[in-house]
Structure formats: C-alpha cells, structure tokens
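*Asks:* Need coordinates for the below:
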Amino acid sequence: MRQSYVLLVAVGLAFATATVYGDDNAAISKPPVMQNMSDNPLFAASALQYQMPAFDQIRNEHFAPAFAEGMRQQMAEVQAIANNPELPSFDNTVVAMELSGQLLNRVRKVFFNLVAANTNDTFSAMQRELAPQLAAHSDAIMLNEKLFKRVQSLYERRENLGLDAESAYLLERYHTDFVRAGAQLSDTDKQKLKALNAELAQLSTKFSQSVLKERDASAVVVESKEELAGLSDSRIAAAADAAKARGLTGKYVIALTNTTDQPSEGALINRAVRKRIHDASVARGSRGGEFDTRDVVLKTVKLRAERAQLLGYPNHAAYQLEDETAHTVDAVNNLLKQLAAPAVANARKEASAMQQVIDAEKGDFNLAAQDWDFYTEKVRKQRYDFDEAQLRPYFELNSVMQNGVFYAANKLYGLTFKERKDLPVYNPDVRVFEVFDADGKSLALFMVDLYARSNKQGGAWMNQYVGQSSLLGTHPVIANHLNITKPAAGEPTLMTFDEVTTMFHEFGHALHGMFSNVKYPRFSGTAVPRDFVEYPSQVNEMWAAWPEVLKNYAKHYKTGEPLPQDLLDKVLVTRKFNQGFKTTEYLAASLLDQRWHQLTPAQVPTDVLAFEADALHQAGADFAPVPPRYRSTYFSHTFSGGYSAGYYAYIWSEELVADSIDWFKENGGLLRKNGDWFRSTLLSKGGSADAMGLFRTFRGRDPIIEPLLIRRGLDAASQK
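*Replies:* Presented below is the predicted three-dimensional model:
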C-alpha cells in the first residue's frame, strides 16, 4: 500500500504534515520578531500563477513571523465572528469562518508540505515548537463557547435557512467538527483536552522526526562490490555514491525505505547481506538510543485513549471511525477478520512453493522474511518464465509519466500537460507542469518530486499547496511525491512495476485535487473521509496495466522498441501473483493499528514488541516469513501521519475500487465518456456531499465485495 496524503481540516485550515525549505539560519527558540510585511513573501498571496509559492524567495526566517501573524490574524477574525452582535446567519458565521485564517493556511501548507519533502535540523526544531502552538490555536477556536453557540443555533434552524445542498452540508460538517473537537465539554474537561492535544502534537512530531533519523542511521554499509551480486550496475553505483556522501569511499551503502520489506532483498544473491538489511529494517525504533520510538508509541496510545474517553467514546478507534464511512469498530474488525485467514492461507501456499525451490537448490535452510522477495522472483521465473527485472528497461521514468500517466489522463479526461521551467522549485529535481482541460483552458499546476533524499520522508504522497475554491477564487496547485532511488549521473531512471503503479496511484490523488469544483475550501479536493480518499487513487492504478496505456509507455529506453507481447502477457497474467504476501503484510499492519487504538488507557501495555507479537498471534496473522508492512516503531501512518485507526482505509476503499474497475470494463474502459462521468459524479465533488452517496451516484448502486475477493485472489475459486 502506498502512503498518501490526507487533508485534515479544522475551521477551514488544512493541516498537512510535511517539511521545510531554506537556509539553516533561523533563530527558532526566540519569539519571532515582526518583519515588514513587504519583506516576507508569505504575508501575501504569491504573485505567481495560481498563487504557487515563490520558493526562490522563501527563507527559513520568514516562517516564524508568518505563523505568529497568521495565528494572530485568525484569532482576531474568529473573535469578531464569535462576538458579532448580529443574530447568527450562515454568512456571518459559517462563511466568515471559511474566509478566516488565509495567511495561516498559506504558511502552514508551505511549511508542512516542505517539511515532508526537504527538511533540515532548523525546520525540525521549528516543527517541534510549532506543534503545541498550533494545537493550542485550534483548540482556542474549536472550544470557543460563543462561536459554538452560533453554529449550534444555525444547526438547529438548518431546515429553515434556505441553503443550497453544499452550504447545508457545510453547516452540518462544521457542527460535527465542533462537537467532535469537544465544544460540548465542561470548562474543566476542556482544559484537560487542551493539555492532551498539546502533548499529542509534540509526540507526533517527535515520532516522525525520529523515524526519519533512524531510517538514515540504520542504512547498511557493505564492504565489497562482490557482496552486492545480483543488483544492477546502476543500483551498485548509487550505493557507492551514497557511501561517498557519508565519507565511506570504497564502500557501499544500502539506504532503507520506510517499509519493512526492502527493495534490494529481491535481487541480492548473498543471503547474509539480505539478512543484515532485513534485521536493520525491523529493528528500527527499538534499538535504544535517541531515535527509539517505543516510549512515544506507548504514550501516544495512552493519551489518545484518554482523549477518546474524555470525549465520550470507549477508545480512540471508536472516536476515529464514527466519522469515516466505516462508522464502527465492528465494521472494520469484521472486514479484517474476513480477509485475514484466506490471505495467510495464500501466503503459506506461496511460501511452500518457495521452500521447494530452496530445497531443490540444496539450500539447507527454511524460508525466512529476508528470502521472500528473492525466491518470489525465482518462482515467478519458474512458473511464468518471467523475471520482473526484465521489465525495468521498458519503464523509463519520463516515458512512464508522460506516455503513461499523462496519456491515460488525456484519453479519459482530455487533459494536456506543458512543462513549466520558468517557475521556481525548492529542489532541482522537482518539475512543474501546467495542466490544461479538454477545452484548452488552464486548470491547475502540477508539481512532481520523484526521487528519494535523506531529508525527505519515506513513501509516496500527494499534497496541495493551493486548493480550489470558488469562494476564494483559487485554482489547484498540486504535488506528487515518490521515493525512487536516483541513478548515478547520466544514467536513466528505470522503474519497477510497483513504482510505476505507485506513480499512477498518486496521480489519482492529484486528479481528485485538480478536478475539484466546490465553493468552500472545507470541501476542496481530497477533503473526504480517510477511508474514501484512497478510492480514486486506487482506481487510477488500473490504467498502469491497461494494454493500450502500457503499450504507449513501456518502450525500451535504448532502442525504443515496445514491450514484447509475450512480456506484456506475463505482466497481465501475474497480477495476482504474490498476493498472499501483499495482502498479509498489509492486513498485519492494519490489525496492529486497530489493536493499539481499541485499547482503553488501563489496557495500554508496557512492552511494544510483546504486544505486537500477541496481537498478530490473536488475529492469526503471525506468519514469520511475512512480517507487517510496518512495525509499530516506524508506523508513521498511524503514529504521525493522520491514519490512526485508519490504515484499514486502503482495503476498505479497495472494495469500491474493484467494483468500479468492473464498471469501467463493462462500459468500454479508457473512454472520454467514462472519465467524464467519473469526474462529474465523484472527482469534482471533493468532500461536498456524503462520500458513499457520491459512489452510489457514480456506480448506480451500493458496492459489493465479490470483485475485491477476486482481485485479491481470496475468492473460493482462487482458494482451490
């Protein structure tokens, strides 16, 4: 599963976790000194097209005063709304809140989006200081009694206000936001809630920063080139470059990704090196030292449970899920339980096939986690006469993006793309494209940041620097981020098929943001329930393997020859291959996420790793060769990334995805009429209506689970 952006909204403000840009020279620990507004590019909307941030002008020292002034301005605006002597109206209360905080919204988007993509020590320090300040600022708004009374008054009279559908839904969402934020608590409990929120904000920041530093500190140093047998020349060269960057000339450094499974394990012949890499991966955050996250995990779980009970819920999962499309803990537990047993059964079958290969080769060892990818490729080659490494020369990055991702978007939606090299970026590897609609009108700006860096968070995600809103008159500025290993200078970037699929996935999020056609910023783009946000992105993955699209981008980077038909056929026939592993590792992480967040404060354990082992055992998902995709100590989705009790969202969304893929196939596939229908009924609506209602409008009925079971190889026919 891919790590993806989720828009969190509080009083019209997007709070996205990310990373920062500029020189290492800001005095973070001192109160910000107010600057002349004309000297700080963050104080006014950018003069660039669609208010794209002027990255070439923004410096570290601009952020602290912009945050301080942004919070001051919004608080003044909110106080004016709360103390307005006029009777509450939709315009003077709800719309006024939507219009508030534009400076703060602008600076926090730039800051946090860049924190994820281009951080440094200065910004890490700033992030630690900002976390409790922003939590307190949000609490001061959401727990403002006078403000809530105005919203409550409107909510009680909502049937008589003559509101259009989007405005009525906005009022409903504001009321829900206030109630869930604790607006109905006593003054004493509000103070407890503020303290909990402040501490949780600090813990989230500490976790995310520790995970990033631990990932870099855990990179594996290899002494000789011979030990890297099996890796391509370009990957060996990249490992040598990584070693040089660390002052280890003559050696090789294998950097870790954020997942448990590491990409190099599928190619390395040396089993001892594979084991070193795997052991380094799973030990992250539990080795002791300053980057150990076990205490942070335990404190976070306990405080989240305490906050949930303060708000009237039995546990954090119950609190989180109430506002998702799943709604209840039971619904999520039932789904995971329904899938876990057949997934693990599939994984055991796959393991048995690999053990046969090991035994035939006189391996004299039992399959272990570090062996899975390596022997998967052997079985794939044996069973299908197909080695996935054969695909890489046909998946050159620029061709995948322009002849694949952009091509599919043109066929489905009529979009065209023009690279804009005149617009400033925060890193030389970032590219910007202007996106034009089918009628030739400019629609959005699209930024792509595809290469891994040591100061960039792991995974892949989408974010928005500027969201669409007709109320504000703004157009989308959207970014996609991947973590592809950058090749040595002069070498092409050749991708795995998983990376190709990830690029299509993240562009599905981008389309959700670019096609947004709503009035209120609260509903812009991906501002939908967390277990719905992954739905459009996963639908877009289908085009990666669609024959017409695949033939258009899968061309040999040297000769330009198309992917041979026999290889294409093998790509398509092996789509379900290794699904036991993929489903089991994902479900194991989802089960951990739920187990942690279904605890009461009194049930929080003292040993993170022992709790993990017991949770997986109880769920029947403790199959040693397939560890969880993320262990708790580096599970950023749930402990710092906005997916707490929500990692199930990918598989929940996939039920809708599989059903939707069937719809596209039934209606002719890659056709403009299909893209236009998906766009008009769903992608353009953002969060402006009930999510499942949007799905029903698109599909014509409720989703059914059978297509998901078939897609994952969990149906009865596949189990035979």
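*Asks:* any weak-confidence spans in the protein?
*Replies:* 1-36, 716-720 (pLDDT under 70).
*Asks:* Quick one: the strands in it, in order.
*Replies:* 9-10, 13-14, 220-222, 252-254, 416-419, 431-436, 442-451, 461-466, 477-484 (DSSP state E).
*Asks:* Packed most tightly, which of these would that be?
*Replies:* Mean neighbour count, computed with mean count of other C-beta atoms under 10 Å, is highest for strand 461-466 among the strands of the chain, reaching a mean of 26. Where you see a C-beta, it was placed from the backbone N, CA and C, and this is true even at glycine.
*Asks:* Dump the strands of the chain to TSV, plus distance to D531.
*Replies:* As requested, the strands of the chain are exported to TSV (distance: least, C-beta to C-beta, whole Å):
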stretch	distance to D531
strand 9-10	16
strand 13-14	19
strand 220-222	36
strand 252-254	35
strand 416-419	31
strand 431-436	28
strand 442-451	26
strand 461-466	17
strand 477-484	21
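*Asks:* hey, where'd the helices end up in the stretch 351-500 of the chain?
*Replies:* Ranges of helices in the stretch 351-500 of the chain, per DSSP state H, counting those that start in this stretch, are 372-384, 397-399, 406-413, 497-514.
*Asks:* ok, residues contacting the third one?
*Replies:* Contacts of helix 406-413 with the rest of the structure, by C-beta atoms under 8 Å, 6 or more residues apart in numbering, involve 415-417, 438, 504, 507, 511, 515, 540, 543, 546, 548-549, 552-553, 670-672, 674-676, 678-679.
*Asks:* Now list the buried members of those residues.
*Replies:* 415-417, 504, 507, 511, 515, 540, 543, 546, 549, 552-553, 670, 674-675, 678-679 (16 or more other C-beta atoms under 10 Å).
*Asks:* Could you pull out the buried residues of stretch 708-716?
*Replies:* 708-715.
*Asks:* next one: stretch 52-66
*Replies:* 52-53, 55, 58, 60-66.
*Asks:* which ones are touching the nearest residue to A658 once chain neighbours are set aside?
*Replies:* Excluding the flanking residues, the one nearest A658 by C-beta to C-beta, 6 or more residues apart in numbering is P707, at 3.6 Å. P707 sits next to 655, 658-659, 661-662 when contact means C-beta under 8 Å, 6+ apart.
*Asks:* Please pick the buried ones from those.
*Replies:* 655, 658-659, 661-662.
*Asks:* Going by distance to Y647, which of those residues wins?
*Replies:* E655 (15.4 Å; C-beta to C-beta).
*Asks:* Please name the residues that touch the closest residue to the closest one other than its chain neighbours.
*Replies:* Nearest in space to E655, with sequence neighbours left out and distances taken as C-beta to C-beta, 6+ apart, is L708 at 4.7 Å. L708 makes contact with 651, 654-655, 657-659, 714, according to C-beta under 8 Å, 6+ apart.
*Asks:* Redo the residues you listed as TSV? Include distance to R180.
*Replies:* Putting the contacts of L708 into TSV (distance: C-beta to C-beta, whole Å) gives the following:
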residue	distance to R180
I651	25
E654	27
E655	25
V657	28
A658	31
D659	30
L714	34
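*Asks:* Name the nearest of the residues you listed relative to H597.
*Replies:* Using C-beta to C-beta, those come closest to H597 at I651, 16.4 Å.
*Asks:* That closest one against L335, yeah?
*Replies:* Yes: counting by C-beta atoms under 8 Å, L335 is a contact partner of I651 at 6.9 Å.
*Asks:* which of those two has more neighbours?
*Replies:* Neighbour count, other C-beta atoms under 10 Å: between I651 and L335, I651 has more, with 24 against 19.
*Asks:* From R712, how far off is that one?
*Replies:* As judged by C-beta to C-beta, to the nearest Å, I651 and R712 stand 9 Å apart.
*Asks:* can you list residues touching both of the two?
*Replies:* L339.
*Asks:* quick one on the thing from earlier: nearest to Q152, out of the contacts of L708: which one, please.
*Replies:* For the contacts of L708, the nearest to Q152 is E655 (35.9 Å; C-beta to C-beta).
*Asks:* Distance check, the closest one against Q338.
*Replies:* 11 Å.
*Asks:* cool, and P625?
*Replies:* P625 is 23 Å from Q338, by C-beta to C-beta.
*Asks:* And these two? Which one has more around it.
*Replies:* Neighbours were counted for P625 and for Q338 using other C-beta under 10 Å; P625 has more, 20 against 13.
*Asks:* residues in contact with the more buried one?
*Replies:* 347, 351, 367-369, 371-372.
*Asks:* just P424 next, same as before
*Replies:* Per C-beta under 8 Å, 6+ apart, neighbours of P424: 48, 54-57.
*Asks:* again, only using 10 Å
*Replies:* 46, 48, 52-58, 430, 432 (C-beta atoms under 10 Å, 6 or more residues apart in numbering).
*Asks:* how far away is it from V432?
*Replies:* 9 Å.
*Asks:* what is in contact with these two at once?
*Replies:* M52.
*Asks:* Just the buried residues from the contacts of P625, in ChimeraX please.
*Replies:* A single ChimeraX command selects the buried members of the contacts of P625 (16+ other C-beta under 10 Å):
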select :347,351,367,369,371,372
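*Asks:* Using a markdown table, lay out the contacts of P625 together with distance to V253.
*Replies:* Formatted as a markdown table, the contacts of P625 follow (distance: C-beta to C-beta, whole Å):
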| residue | distance to V253 |
| --- | --- |
| A347 | 31 |
| A351 | 31 |
| L367 | 27 |
| A368 | 23 |
| A369 | 22 |
| D371 | 22 |
| W372 | 23 |
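*Asks:* Overlap in contacts, I651 and L335.
*Replies:* 587, 590, 708.
*Asks:* Closest one of those residues to N403?
*Replies:* Minimum distance to N403 across those is 30.1 Å, recorded for L708 (C-beta to C-beta).
*Asks:* D39: neighbouring residues, count only.
*Replies:* So D39, with other C-beta under 10 Å, has 10 neighbours.
*Asks:* Please name the residues that touch it.
*Replies:* D39 touches 61-62, 65, counting by C-beta under 10 Å, 6+ apart.
*Asks:* And it, how far from Q382?
*Replies:* For D39 relative to Q382 (C-beta to C-beta), the value is 66 Å.
*Asks:* Filter the contacts of P424 down to just the ones in helices.
*Replies:* Among the contacts of P424, no member falls in helices (DSSP state H).
*Asks:* any chance of the residues you listed in a markdown table, plus distance to V110?
*Replies:* Shown next, in a markdown table, are those (distance: C-beta to C-beta, whole Å):
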| residue | distance to V110 |
| --- | --- |
| S46 | 9 |
| L48 | 12 |
| M52 | 10 |
| P53 | 5 |
| A54 | 10 |
| F55 | 9 |
| D56 | 13 |
| Q57 | 11 |
| I58 | 7 |
| V430 | 14 |
| V432 | 15 |
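*Asks:* Looking at the residues you listed, which one is closest to D233?
*Replies:* Nearest to D233 among the contacts of P424, with distances taken as C-beta to C-beta, is V430, at 27.0 Å.
*Asks:* Tell me which stretches of the stretch 551-700 of the chain form helices.
*Replies:* Under DSSP H, counting those that start in this stretch, the stretch 551-700 of the chain gives helices at 565-573, 579-597, 608-618, 636-639, 649-666, 672-681, 691-699.
*Asks:* Show me the one of these that comes nearest Q152.
*Replies:* helix 691-699 (24.8 Å).
*Asks:* and the closest one with helix 672-681, angle?
*Replies:* Angle of helix 691-699 versus helix 672-681, following axes from the mean of the first three to the mean of the last three C-alpha atoms, to 10 degrees, is 160 degrees.
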